[in-house]
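**Q** coords below, sequence missing:
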């Protein structure tokens with residue numbers, strides 16, 4: 001463990017007194033095909049993942065969302081760089097997002113004030129970021 005990791009662990013230990021020090025374990029010498037598939041999925045190759053369950057448009061009208069999903073508006077999107085920021089509808093700090101996390105919708109719809117549905121997760125550097133981005137469908141006109 002380097003000095004930065006040790007400092008982060010000590011900070012986490014203050015918040016969670018029951019936290020255990022991670023021990024270094026060696027991976028098994030004989031990896032099964034299933035193990036290799038899981039590792040492959042975790043390092044960025046999404047081709048082997050099962051398709052995500054699509055929600056119907058009737059779910060949106062009822063205001064029901066899968067657990068952990070949040071809605072917000074795009075504050076700024078840097079198209080040439082492929083990232084931007086979302087302002088959550090519930091308030092709080094703006095959330096970073098990357099174009100690679102867009103799962104539904106077209107990147108041309110990523111404009112200022114566009115409604116978006118996302119989940120909170122971590123980016124590759126371990127910082128909080130939006131994941132599973134979806135462009136929210138337009139509200140149905142009222143009858």
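**A** Perfect, thanks for sending it. Note that the structure is predicted; figures quoted are calculated from it, not measured.
**Q** partner residues bridging the nearest residue to residue 123 once chain neighbours are set aside?
**A** Residue nearest to residue 123 in three dimensions, not counting chain neighbours: residue 129, with 4.0 Å by CB to CB, 6 or more residues apart in numbering. Backbone N, C-alpha and C define where each C-beta goes, glycine included. According to DSSP bridges, the residues that bridge with residue 129 are residue 121.
**Q** just the pLDDT at residue 129, thanks.
**A** We have a pLDDT of 90 for residue 129.
**Q** report the separation between it and residue 110.
**A** Residue 129 sits 15 Å away from residue 110, going by CB to CB, to the nearest Å.
**Q** and those two? Which one has more around it.
**A** Under the criterion of other CB atoms under 10 Å, the comparison of residue 129 against residue 110 puts residue 110 first, with 22 against 19.
**Q** that one contacts residue 77, doesn't it?
**A** Yes: the pair residue 110 / residue 77 is scored as a contact, 4.5 Å apart, by CB atoms under 8 Å.
**Q** quick check: neighbours shared by those two?
**A** Residues touching both residue 110 and residue 77 (CB atoms under 8 Å, 6 or more residues apart in numbering) are residue 84.
**Q** can you give me the strands for this protein?
**A** For the chain, strands defined by DSSP state E occupy the ranges 69-78, 83-88, 95-98, 102-104, 115-122, 128-135.
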